[in-house]
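**Student:** following is a predicted model, sequence given first.
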Amino acid sequence: MPLTGSVIRTYYTDIMSEEIIKKLNEHDQRFDEHDKRFDQIDQRFDEHDKRFDQLDDRVDFIARKVLEHDDRLDRIEENMATKADIGRVMDTLDTLVGLFTTTEQELIFMGERVKRVEAKAEKNTQNIAQIQPLVGLR
């Protein structure tokens, strides 16, 4: 067969087609390898997603607890005595202690005075008892 342009072209096309198919097969293999790697990466992403879901649940739990504690702190704050409140209570206690101390001291003095009055009354009763026979009242 003589080498004509069409024969050369056909021969060249056959060689090129084989090389192209060979290259395409090589690319297919590389794409398969890449697909495997992407599958592994997808699997890792799925695992990470599960971990993030668990973390989301924990964050939700913590957020609920923070809100509960915030409500409790608000109630405590409403009912809690302030420094000013405690200061007023202490001032009132100081006043009451002062009044108690004064009253206690007055009772001590009154007790001593009563003792003196009773002693005088006893002495006067004895004097009256001595005078009554002399005056004829007995």
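**Tutor:** Right, received. Where do you want to start?
**Student:** for the spatially most central residue of the chain, give its distance to residue 75.
**Tutor:** Nearest residue to the geometric centre of the chain (CA atoms, centre = their mean): residue 69, 5.5 Å. As judged by CB to CB, to the nearest Å, residue 69 and residue 75 stand 11 Å apart. Every residue, glycine included, has its C-beta placed from N, CA and C.
**Student:** same question, residue 97
**Tutor:** Counting by CB to CB, the gap from residue 97 to residue 75 is 33 Å.
**Student:** ok, now residue 92?
**Tutor:** Shown here: residue 92 relative to residue 75, a distance of 26 Å by CB to CB.
**Student:** what distance separates stretch 110-122 from the centre of its chain?
**Tutor:** Here the centre of mass of C-alpha atoms in stretch 110-122, compared against the chain's by CA atoms, centre = their mean, to the nearest Å, lies 66 Å away.
**Student:** before we move on, what about stretch 98-109?
**Tutor:** Stretch 98-109 has its C-alpha centroid displaced from the chain centroid by 49 Å (CA atoms, centre = their mean).
**Student:** just the buried residues of it, please?
**Tutor:** Using 16 or more other CB atoms under 10 Å as the burial criterion, none of the residues of stretch 98-109 qualify.
**Student:** could you give the mean pLDDT of it?
**Tutor:** Along stretch 98-109, the predicted confidence averages to a pLDDT of 95.
**Student:** now do the contacts for residue 63.
**Tutor:** Shown in contact with residue 63 (CB atoms under 8 Å, 6 or more residues apart in numbering): no residues.
**Student:** just say helix, strand or coil for it.
**Tutor:** In three-state terms, and counting by DSSP: H, G, I helix; E, B strand; the rest coil, residue 63 is helix.
**Student:** what does residue 123 give?
**Tutor:** Three states are possible here, and by three-state DSSP the one that applies to residue 123 is helix.
**Student:** what's the spacing between it and residue 129?
**Tutor:** Going from residue 123 to residue 129 by CB to CB gives 11 Å.
**Student:** thanks again, I'm all set now.
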